[in-house]
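**Student:** Sequence plus the predicted model coming up.
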Amino acid sequence: SASRGAMLGLSVAVLVVLVAGTAKLRLAALSVLAVSALASMALPLTRHRFLMQSPLALQTVKGRGYEWSDAWRLIKQHPFRGVGPSDFLDASPTTQSASDVRLAGSTQLDSPHSLPLQLALGGGVVLVIIETLLALLTLHSFLTPLPESLALKGRRACGGRPRPGPRSACLTEGSPGLCR
């Protein structure tokens, strides 16, 4: 689909690796990004969408803006419970603008294609808060070093070699092949 979002997501992932990764991971991440960028530019459809040369490119950007505006209006109307899972399509005609209808015609997206907006629409602000806390706890658990007792188990599973990351003891226990 020549999605610009996929390239943006890849770029964010590479930035995370550049900040938190080892030198080898940084090199690999930059290589993947470079190859992906070159491959994207080699395909005419993708290149035209990235460079906003395709009429569809501008239309999808405008359309996404209208969908997000509709989503915000619905969230304001239903802030705590949302409109329910997968009910954006049914609820959004009540908030659609005339320019949105002109751009989309009879077709409309079934969701705003934005995770925070979809969560808020599906379960309200409470669901967004819960999901954010779960994401932060998960990130924290992966960035926090293991207690020394678990780290030693990981080293034993790796034949005494340093473990490759903070969570490797969990991965390598009983699986020495994962130490490489």
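**Tutor:** Now that the structure is in, tell me what you want to look at.
**Student:** low-scoring stretches of this protein, by residue?
**Tutor:** 1-2, 93-109, 146-180 (pLDDT under 70).
**Student:** how about the strands in it?
**Tutor:** Per DSSP state E, the chain carries no strands over any range.
**Student:** Please enumerate the helices of the protein.
**Tutor:** For the chain, the helices defined by DSSP state H occupy 4-20, 23-42, 44-50, 55-77, 88-91, 98-104, 115-143, 148-157, 168-172.
**Student:** if you compare those helices, which one is most tucked away?
**Tutor:** helix 168-172 (a mean of 18; mean count of other Cβ atoms under 10 Å). Any C-beta I mention is one placed from the backbone N, CA and C, and that applies to glycine too.
**Student:** list the contacts for G123?
**Tutor:** G123 makes contact with R81, G82, P85, according to Cβ atoms under 8 Å, 6 or more residues apart in numbering.
**Student:** which residue packs closest to the last one, ignoring adjacent ones?
**Tutor:** Distances taken as Cβ to Cβ, 6 or more residues apart in numbering place G122 nearest to P85, at 4.6 Å, with adjacent residues excluded.
**Student:** if we can go back for a sec, who wins for most neighbours among the contacts of G123?
**Tutor:** Within the contacts of G123, most neighbours by other Cβ atoms under 10 Å means G82, with 24 neighbours.
**Student:** Contact partners for the residue nearest to P85?
**Tutor:** By Cβ under 8 Å, 6+ apart, the contact set of G122 is G82, V83, G84, P85, S86, D87.
**Student:** do S111 as well
**Tutor:** Contacts for S111 (Cβ under 8 Å, 6+ apart) come out as S86, F88, L89, Q118, L121.
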